[in-house]
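Enquirer: Got a sequence here, can you model it:
(one chain, ligands or ions: 1)
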Amino acid sequence: MNTATDYQQIQQRYEFDVYPKRDITFVRGEGCRVWDDTGKEYLDCAAGHGVVNVGHCNTAVVEAIQRQAEKLITCPGTYYNDAKAQLLEKLASITPDGLNRSFLCNSGAEAIEAAIKFARATTGRTKFVCANRSFHGRTMGALSATFSKAYKDSFEPLVPGFEFTPYNNIEALGAAVTNETAAVILEPVLGEGGVYVGDHDYLQAARNICDKSGALLIFDEIQTGFCRTGKMFASMHAEVIPDMMCVAKAIAGGLPMGAVICGQKVEVSIGSHGSTFGGNPICCAAANAAIEYMVANKLDENAASLGSQLVTRLNDANLSRVREIRGVGLMIGIELRTKARPFVMQLLEEGVITLPTGATVIRLLPPLTITQEEITHLEERLTSCFT
Ligand SMILES: Cc1ncc(COP(=O)(O)O)c(C=O)c1O
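Expert: This is a model prediction of the structure:
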């Protein structure tokens, strides 16, 4: 049998690695907990980068995967499928009015990529306006919509026509959007960019600016969607309905899936886009179970109440190392006065998984099934770490 070191050595030898690695081999997960191969338990406040909103190995999701795996594992988009039909109907029922038709794919970047193509095909225009600090994924189109040079430097030239304006700045957005703009692409809360919450009037102004210029409005809800911020989708706080909503991460309870949920204005011709695995029956069955679980267990309310409780308590503790705490629901960024990475490593050593974002921000994206007891434990660990 392989030991921990063996697995790490094998991966080091055979993986074409693009990730800075931590010295841990995870082998099991349940709810908000994961275990490494030495049996050490961790409180996972990163949820696989914001994926398992319904908790690791959620029983409903596991059973749905098992049932579907015995029935039908793959089905091309050229045929109809029961699990897919159920998911499409479900997505229309949980998204705002008018967002009724979804293109299913396999990841966040693919959803952004499709939305860029759909915007170009619908409007016949080629320019896009995005936000400073945005992150939309690693493929060439999604990378073109991403702000940070660090992600893009080795890969220029990217897709032309992308412009960036300061987030939450209505005037700058209004000045950048013209009758040549195909779409404005925004995250309702910047995730990788440091957890900055979009002002409601900024998101509403983005809608008006797009309507006046004939541009489409695309919301990237890949990280903010599926109850993360205390509502099913973060744009619901501002009551703004985009023309396309890109989702992924938490949609299928941990399985790879993405979607572009489209409004009536969006049109592309049959055959102009596609994906071999998009809308895979197992992923659809998992997504059906995950979404049903989120709704039945009111994970939006749990995220809203436990998130605001944690932020209030951390603010009340006046932690000397903390400059500012930002966020909404259980999408929280703790900006430190010094570099974040040493504290991420210290918390990891103490059995708490968090995510750094930028140089000085620690991001918390725990499963939304997190309990009061687990939140209290997290608060205690953070308080002792940042005092
Ligand atoms: C807001 C946002 N958009 C897009 C992506 C890209 O998603 P994926 O890694 O599934 O391609 C991410 C991933 O972190 C994200 O946070």
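Enquirer: For this protein, which residue occupies the most central location?
Expert: What sits nearest the mean C-alpha location of the chain, by CA atoms, centre = their mean, is Gln223, with 1.7 Å.
Enquirer: Report whether the expected contact of that one with Leu365 is present.
Expert: Yes - if you go by CB atoms under 8 Å, Gln223 and Leu365 touch, sitting 7.5 Å apart. The way it works is simple: take the backbone N, C-alpha and C, and place the C-beta from them, glycine included.
Enquirer: quick one: the residue nearest to the centre of the chain and His49, what's the gap?
Expert: 8 Å (CB to CB, to the nearest Å).
Enquirer: again, but for Leu314
Expert: Counting by CB to CB, the separation of Leu314 from His49 is 22 Å.
Enquirer: what about those two, which has more around it?
Expert: Leu314 (19 against 14; other CB atoms under 10 Å).
Enquirer: Mind checking what secondary structure the nearest residue to that one once chain neighbours are set aside has?
Expert: Computed as CB to CB, 6 or more residues apart in numbering, the closest residue to Leu314 that is not its neighbour in sequence is Ile325, at 5.7 Å. Three-state call for Ile325 (DSSP: H, G, I helix; E, B strand; the rest coil): strand.
Enquirer: change the start of the numbering to 841 and stick with it
Expert: Sure, I'll start counting at 841 from here, so that last one is Ile1165.
Enquirer: tell me the contacts of Ile1165?
Expert: Going by CB atoms under 8 Å, 6 or more residues apart in numbering, Ile1165 touches Val1151, Leu1154, Asn1155, Ile1172, Gly1173, Ile1174, Glu1175.
Enquirer: So which of those sit within helices?
Expert: Val1151, Leu1154, Asn1155 (DSSP state H).
Enquirer: Switch these over to CSV; also include pLDDT and distance to Ala1099.
Expert: What follows is those, written out as CSV (pLDDT from 0 to 100; distance: CB to CB, whole Å):
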residue, pLDDT, distance to Ala1099
Val1151, 98, 30
Leu1154, 98, 34
Asn1155, 97, 36
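Enquirer: nearest to Arg853, of those residues?
Expert: Set against Arg853, the nearest of the ones in helices among the contacts of Ile1165 by CB to CB is Leu1154 (42.1 Å).
Enquirer: so how far is Thr1227 from the closest one?
Expert: On the measure of CB to CB, Leu1154 and Thr1227 end up 11 Å apart.
Enquirer: ok, back up a step: nearest residue to the residue nearest to the centre of the chain in space, please, no chain neighbours.
Expert: Leaving aside its chain neighbours, Gln1063 sits nearest to Gly1031 (4.0 Å; criterion: CB to CB, 6+ apart).
Enquirer: pLDDT weak spots in the protein?
Expert: 841-844 (pLDDT under 70).
Enquirer: Pull out the buried members of the contacts of Ile1165.
Expert: For these, a neighbour count by 16 or more other CB atoms under 10 Å gives the buried set as Val1151, Leu1154, Ile1172, Gly1173, Ile1174, Glu1175.
Enquirer: Hmm, the fifth one is touching Cys1225, no?
Expert: No - taking contacts as CB under 8 Å, Ile1174 lies outside contact range of Cys1225: 9.8 Å.
Enquirer: picking up where we left off before, of the ones in helices among the contacts of Ile1165, closest to the ligand?
Expert: Val1151 (20.5 Å; CB to the nearest ligand atom).
Enquirer: how near is the nearest residue to that closest one once chain neighbours are set aside to Leu1150?
Expert: Among residues not flanking Val1151 along the chain, Ile1165 sits closest, at 5.4 Å (CB to CB, 6+ apart). As judged by CB to CB, Ile1165 and Leu1150 stand 9 Å apart.
Enquirer: okay, and the common contacts of these two?
Expert: Looking at what touches both Ile1165 and Leu1150 (by CB under 8 Å, 6+ apart), the common residues are Ile1172.
Enquirer: what's the residue in the chain positioned nearest to the ligand in contact with, if anything?
Expert: Per CB to the nearest ligand atom, the residue of the chain with the smallest distance to the ligand is Gly948, at 2.2 Å. Neighbouring residues of Gly948 by CB under 8 Å, 6+ apart: His976, Gly977, Ala982, Asp1060, Ile1062, Gln1063, Cys1086, Ala1088, Lys1089, Gly1098.
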